[in-house]
Each structure stands twice: as structure tokens, then as C-alpha cells.
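Engineer: Sequence plus predicted model, see below.
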Amino acid sequence: MPGPLTPPRILRGIPDELQGAVAALYWRHFGAQISPLPARARQGVALIRTAMRPGQALVALSPAGSLVGVAGLRDANGGFLSPDAGGFVAAWGPFGGRLRHLTTALYLGGGETTDLVLDGVAVRPEWRRRGIARALVKAAAAHAREFGYPALRAEVHARNHAALAAWQAMGFRHLGRERLGWPWSAPAHVLRMAV
């Protein structure tokens, strides 16, 4: 149970001992966006654990040191998850994994940009509304400034009005709507915040 409002400790990269917890949180939050086919949580977590690029993330820790949030990062070198088939094969075996990986060709990601893209921000449910996402975004902005990115960028499903309002409250400005994700997905809002 969360204690008093204490700012989380933010780390760049994911330490080895937190990779399983990060994989579970990320899959729980983004599993339907990662794989449109039904999947058991065990397999989804295995996919994330194998495909994650630990250097392309920030993690938020509670005062006790447990994981409370994660933010994936995407730049010209790629995103939080490797796009190759290895994670799928590790989770579903050679045949099933390659078939599932083939479905990713249908997924339309955001276009090229010189901005640092937030490649998914997830916070443990019991820690929401406690400033964790805001702290991760603040750390991502500092990271972007340090490495010369002009801005942070986020993509939010058009129907997620609460998330859109939260991003705008953090200083992100609406750039427009784009068709992102799976072909049957609703358009997404593209947001940007200069750093």
C-alpha cells in the first residue's frame, strides 16, 4: 500500500532485478496493443522480458525500492521493445512465435521524428494519481535535453479522453490525429512538449 506522497526515485535503464516486474507491468498495460491475438499473461510477460531494451526506459521506484512505474523511450535507434522475432519465439516457440511476429507487420507506428518519443508510460494501479507519470515525464524531458532532442512526443488513443487531458495538463500540445496501431484501431492524438 502506498505511503505518504514521496517523490519516486527515477532510474535510467532497467536494473536486472527489476526486469521481470517491468515486463509484467508493461504487458498488463499494453498487451492488447503489442499482440492482437489472445495471449496468456505468462507468455506476454516472456515476450516483453525477452524483447525489452533496458536502456530505452526509465523506471520509477517507491521509497522502499519497488517498481511503481515505467516509461519506454523511442528514438532514431528504436524503441523500448525490439522489433525482431526473438521475443515472440521465446514466448510461443519457433512456429507460433514466428506466426505471431508476422502479425506485427500490420501495426503502424509513429513516423520518423527528431523528438524523443514516450514509448508507453505505465504505473501500477495502486500508485496512480500520485505523480508517478508526471515524475517519469519530467525525467524523460531532462533526458531529452541532455541528449539534444528538441521535444518529447506522446501518442494517445483518440478515445482515451482522460489520458489526453493528463498529457495536456503536463504541458503537451496537440499536433493532430494520425492512424496509428492496428488497422482496426481508432486514430491517435499526437502530442508534443518542447524541452
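Structural biologist: Thanks, I have it. Numbers count the residues shown, from 1 in each chain.
Engineer: With adjacent residues omitted, what lies nearest to the spatially most central residue of the chain?
Structural biologist: Closest to where the C-alpha atoms of the chain average out (C-alpha atoms, centre = their mean) is Gly120, at 2.1 Å. Excluding its sequence neighbours, the residue lying closest to Gly120 (C-beta to C-beta, 6 or more residues apart in numbering) is Gly72, at 4.5 Å. C-beta coordinates here come from the backbone N, C-alpha and C atoms, glycine included.
Engineer: and that neighbour, that's in a strand?
Structural biologist: Yes - under DSSP: H, G, I helix; E, B strand; the rest coil, Gly72 falls within a strand.
Engineer: can I assume it is in contact with Ala57?
Structural biologist: Yes - counting by C-beta atoms under 8 Å, Ala57 is a contact partner of Gly72 at 5.3 Å.
Engineer: So for these two, which residue has more residues nearby?
Structural biologist: A direct count of neighbours by other C-beta atoms under 10 Å for Gly72 and Ala57 places Ala57 higher, at 26 against 23.
Engineer: Please, where are all the helices along the chain?
Structural biologist: 19-34, 41-51, 86-103, 132-146, 161-169 (DSSP state H).
Engineer: what about the protein, any weak spots by pLDDT?
Structural biologist: The model of the chain has pLDDT under 70 over residues 1-5.
Engineer: Counting neighbours, what do you get for Leu116?
Structural biologist: 23.
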